[in-house]
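[1] sequence below, structure please.
(one chain, ligands or ions: 1)
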Amino acid sequence: MAELSPHHAVYAGSFDPLTLGHLDIIRRGSALFDRLTVGIGINPDKKPLFTPEERLVAIQQVVAPLKNVEVLCFEGLTVNFVRSCQAAVMLRGVRTLTDIETEFTMTLANRALDPAIETVFLMASEKYSHISSSLIKQIAHLGRGNTAEQLKAFLPPELIESLLSKVGR
Ligand code: ADP
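    Numbering: from 1, shown residues only. Below is the predicted model of the structure:
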C-alpha cells in the first residue's frame, strides 16, 4: 500500500458555496501542513445549488494565493479520497457542541474504515462560527435591501455575484 504523508491534509466538504468560515479553515490548514487538498464531495443524495464544476472553479479562484492548496472533486467515501491523495490527515472544522458530537461519531466510523488516517479538528474562529452554507443560501434567497452588501460578512466577495445570479436576483 502507498505511504501516506502526515504533512499532507485533506479538507473535504460540500462547499455549496464556500463560506468565510471554510476559507478560514483552509488558510489555517495551509499554514499548518505542507500541502492541503480541498475535496469537494459529490453526494448523489444531495441537491446542491452549484454544480461540482462551478464549486471547483470558484474555490480555485479564491485559494489561488495559497500556493500549497489544490482543489479536487471526489465521489464516494471521504477516507478513500484522503487515501487516494496519499494524505494521512483529514482536516475538519468545528463550530458548535453539536458539530463536535456529529464529528466524533464520524471520526470513529472513519477510523474503523481506515485506521491509518487521523482526523484533525480546528475550532472555528469566533467571528465565523455562526456561518454555514445553508444560512448563506437563505440570505441570498430571502434577503431584503442590499443583499450583496450583507453577504460580504458571510462569503468571499468574488463569489457574491454568481450566488445572486444563481438564485435569480
Ligand atoms: P459537509 O457537507 O461535510 O457538512 P460543509 O461544506 O458544510 O460540508 O463543511 C465542511 C467542513 O467545514 C466541516 O468540517 C464543517 O464542520 C466545517 N465548517 C463548516 N462551516 C464552518 C465554519 N463557519 N467555520 C469553521 N468550520 C466550518
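[2] OK, contacts around residue 99?
    With Cβ atoms under 8 Å, 6 or more residues apart in numbering as the criterion, the residues that contact residue 99 are residue 93. The way it works is simple: take the backbone N, C-alpha and C, and place the C-beta from them, glycine included.
[3] again with residue 129
    21, 95-96.
[4] what's the first helix or strand after the longest helix along the chain?
    Longest helix in the chain by number of residues (criterion: DSSP state H): helix 97-113. Counting by DSSP states H and E, the next helix or strand C-terminal to helix 97-113 is strand 118-123.
[5] parallel or antiparallel, which strands does that following strand pair with?
    Strand partners for strand 118-123, identified by DSSP bridges, are recorded as strand 87-94 (parallel).
[6] where in the protein is pLDDT low?
    Screening the chain residue by residue with the criterion pLDDT under 70, one finds no matching range.
[7] hmm, back to that, from the contacts of residue 129, which would you call buried?
    Among those, those buried by neighbour count (16 or more other Cβ atoms under 10 Å) are 21, 95.
[8] before we move on, back to that, does the longest helix of the chain reach the ligand?
    Yes - using Cβ under 6 Å from any ligand atom, helix 97-113 reaches the ligand at residue 99.
[9] can you put the contacts of residue 129 in TSV and add distance to the ligand?
    Putting the contacts of residue 129 into TSV (distance: Cβ to the nearest ligand atom, whole Å) gives the following:
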residue	distance to the ligand
21	2
95	5
96	9
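[10] give me the buried positions along the longest helix of the chain.
    Neighbour-count burial for helix 97-113, counted by 16+ other Cβ under 10 Å, picks out 99, 103, 107, 110.
[11] now, which of those sits nearest the ligand?
    When those are compared for distance to the ligand (Cβ to the nearest ligand atom), residue 99 wins out at 5.2 Å.
[12] gap between the closest one and residue 14?
    14 Å (Cβ to Cβ, to the nearest Å).
[13] do the same with residue 143
    21 Å.
[14] who's in contact with residue 3?
    residue 86.
[15] surely it is in a helix?
    No - counting by DSSP: H, G, I helix; E, B strand; the rest coil, residue 3 falls outside a helix, being coil.
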